[in-house]
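Novice: quick one, what's the 3D model for this:
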Amino acid sequence: MSLLIKSPAQVEHLRAVAGEYRVLLSGAETGGRLAIVEQLLPPGAVGAAPHIHHGHEEDFVVTQGSITFDTADSDLLVPAGGVVSVPRGAAHGFRNTTDQPAACIVTFTPAGYEDYFRLIDELVRAGTSPDADTLSRLRARFATESV
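Specialist: This is a model prediction of the structure:
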């Protein structure tokens, strides 16, 4: 593996049910070590309903606005500059409960879950808005369960 430098034009843009994903680094580019995805959330958007990952960890950095993170214990509003670290097996979800756009950068360790976003992009581009059951079935392919 060699040094990788990408321009903004080289970043992969994917559609989401609400908002957009930008795959900044994919597992193919990092030898599977990690993937980094920026998620753009319009006002009122659900980034992810509560779920549990068994195959990877997620680390979030809120870069714009504020994002509400749903945990097993409570809902926490995290402003820009805040971070959230989710170990395997921890229930979590997140959403933009504000009237302003929000964004976060998520690191997936190890890589692979960015392919879930590619599947969503395929459905959205085909004119389908995946429902909760469809999203749950897709997540299951990546050792993730809905709660």
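
Novice: make it CA atoms for all contacts and neighbour counts henceforth
Specialist: Noted.

Novice: right, and residue 12 touches residue 22 too?
Specialist: Yes - look at residue 12 against residue 22 with Cα atoms under 8 Å: they come within range, at 5.6 Å.

Novice: more neighbours: these two, which one.
Specialist: residue 22 (20 against 14; other Cα atoms under 10 Å).

Novice: I'd like the next helix or strand past the longest helix seen in the chain.
Specialist: In the chain, assigned by DSSP state H, the helix with the most residues is helix 114-125. Going down the chain from helix 114-125, the next helix or strand is helix 132-140, by DSSP states H and E.

Novice: may I see the buried residues of that following helix?
Specialist: Under the neighbour-count criterion of 16 or more other Cα atoms under 10 Å, helix 132-140 has 135-136, 138-139 buried.

Novice: just checking, what packs against it?
Specialist: Using 3 or more Cα pairs under 8 Å, 6 or more residues apart in numbering; DSSP states H and E, the elements in contact with helix 132-140 are helix 114-125, strand 144-146.

Novice: give me the residues contacting the last one.
Specialist: With contact meaning Cα atoms under 8 Å, 6 or more residues apart in numbering, strand 144-146 is reached by 49-55, 136, 139.
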